[in-house]
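Next comes the sequence, and after it the predicted model I'd like to discuss.
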Amino acid sequence: MRWINFSLPGSGRRAYGRLDDDDRVHEIRGIPWAGHELASASYKLSEVKIEVPVVPPTFYAAGLNYVTHIREQETLTGRKIDVPPQADIGYRAVNALIAHEENVVIPEDATHIEYEGELVVVIGKKARNVSEAEALQCIFGYTIGNDVSERAWQRSDRTFWRAKNCDTFKPMGPWIETGFDPARAETRVLVNGQVKSHFNTGDMLFGIATFISRMTRYLTLYPGDIVWMGTDGHSPKLAHGDTVDVDISGLGTLRNTFVRAAGNPLAGNS
């Protein structure tokens, strides 16, 4: 089942709805992973604006979770990168989230922007000290993320505060899918319609259950939390006007266009 967070143009009112195969959105009262009931209103998908599927209490992100991505980063940086011995998690900033078809704004002094197409896990139940066998039971569903990165800042800054967390650097959506099997999915990332990355979504160094189990030994996961699961492959350097599609089979496509901040002398240049 697909759940969409939407707003009605002109009114600003937001709600969740069930998205059916006929592209009809049936509004609900409440939120999908908690108490809710079906409302009477329904809309064509073309009549609503798709919003970020969830603004999480806490935003987690796995890094270096695909081996090919690690090896390609070694080639690009010219330094040895050890394969992580365990499932370690990081954090991202909620301010960076934007919705499907909203623009990623490249800061004026940014010089090297890349995409990272990722599977996103949406937590539906409170979880603490769960085993790997129990871990998947706390998941409500899945969506798609694009972990935009400024690589020059990532190399030079002491933390990822701006390299990963600038406003608009975390597109996510377009909806949450509950009936999804990551092991059977493929991820493709297209730039201006051309495939630039293609990998098996489930081919992770550490799987979702491993991450959730390890995380909940030390912290509590709450309904609405999200966990981004990392990426494989390598992104080309993105330029003003590029459109990036992150497509995960069985989930849909997240699309965003990259634009330089107004007044930047580099606007339009790669």
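Alright, I've got the coordinates. Source: prediction; values computed, not measured.

Break this structure into its domains for me.
Structural domains assigned to the chain are 2-50, 59-260, following automatic domain parsing.

which residue packs closest to the residue sitting furthest away from the middle of the chain, ignoring adjacent ones?
The centre of the chain is farthest from one residue, Ser40, which by Cα atoms, centre = their mean lies 30.9 Å away. Counting by Cβ to Cβ, 6 or more residues apart in numbering, Ser40 lies nearest to Glu27, which is 7.9 Å off, once chain neighbours are set aside. No exception for glycine: its C-beta is placed from N, CA and C like everyone else's.

tell me the mean pLDDT for whatever helix or strand the residue farthest from the centre of the chain lives in?
Here Ser40 sits within strand 36-44, counting by DSSP states H and E. Computed over strand 36-44, the mean pLDDT rounds to 96.

Pairing partners for it, with directions?
strand 24-30 (antiparallel) (DSSP bridges).

List the buried residues in the partner strand.
Val25, His26, Glu27, Ile28 (16 or more other Cβ atoms under 10 Å).

Same question for stretch 50-60.
By neighbour count on 16+ other Cβ under 10 Å, the buried set for stretch 50-60 is Ile50, Glu51, Val52, Pro53, Val54, Pro56, Thr58, Phe59, Tyr60.

ditto for stretch 238-258
Within stretch 238-258, the residues scored as buried using 16+ other Cβ under 10 Å are 238-240, 242-248, 251-252, 254-256, 258.

So which of those residues are in strands?
Among these, DSSP state E puts Thr243, Val244, Asp245, Val246, Asp247, Ile248, Gly252, Leu254, Arg255, Asn256, Phe258 in strands.

Among these, which one sits closest to His234?
Nearest to His234 out of those is Val244 (Cβ to Cβ; 13.8 Å).
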